[in-house]
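Chemist: Got a predicted structure here, sequence first:
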Amino acid sequence: MWFGTSSTTVTACNSYTWNGVPYTTSGVYDSTFTNASGCDSVETLNLTINYSSTSSATITTCDSYSWNGTTYNTSGIYIDTITNASGCDSTATLILIINYSSISHDTIVACNNYSWNGTLYDTSGAYLYQSINSVGCDSID
């Protein structure tokens, strides 16, 4: 009786079903069957399983944030699916907290001089004071 063999090499992500059997790990698998001529045959599967991946990052920033080619201006949870180094889907999650810069305007009328943020002014004019606000972002007064 003739004994035939064949070999197949497959690379898959996460799992691969061969002859009705799901495989989730890399390996060499054999299946014996009767071929069309009624003879025994062995089929060999050389299987490489690569795996998907996930990642998560929490970012706190001021005003806006650019991630994977998109600029975000509001806080939220953003998900992007990309291909990882193994060629499988990779899910990246961004937990984004956007704080905002602040601007304030005050009109002050004073006699002779005025002390503001540690500086004494004795001439009328428009003056700027730059600092960091309570959420860690730029503040212009």
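Modeler: Okay, I see it. Residues are numbered from 1 along each chain as shown.
Chemist: Beta-bridge partners for the most centrally placed residue in the chain, please?
Modeler: The structure's the chain has its C-alpha centroid closest to residue 92; by CA atoms, centre = their mean the separation is 3.0 Å. Taking DSSP bridges as the rule, residue 92 bridges to residue 55, residue 80.
Chemist: Could you tell me how far it is located from residue 54?
Modeler: 8 Å (CB to CB, to the nearest Å). C-betas here are computed from N, CA, C, even on glycine.
Chemist: Check residue 23 too.
Modeler: Separation of residue 23 from residue 54 (CB to CB) stands at 22 Å.
Chemist: now do residue 108
Modeler: Distance from residue 108 to residue 54, by CB to CB: 55 Å.
Chemist: Can you pull the poorly scored residue ranges out of the protein?
Modeler: 1-4 (pLDDT under 70).
Chemist: what about the helices in it?
Modeler: Using DSSP state H, no helices are found in the chain.
Chemist: outside of stretch 120-129, which residues touch it?
Modeler: For stretch 120-129, the external contacting residues (CB atoms under 8 Å, 6 or more residues apart in numbering) are 112, 113, 114, 115, 116, 117, 119, 140, 141.
Chemist: Can you report how many residues lie near the last one?
Modeler: Okay, so that is residue 141. Counted by other CB atoms under 10 Å, the residues lying close to residue 141 total 15.
Chemist: what do you get for residue 94?
Modeler: 19.
Chemist: try residue 138
Modeler: For residue 138, the count of nearby residues is 14 (other CB under 10 Å).
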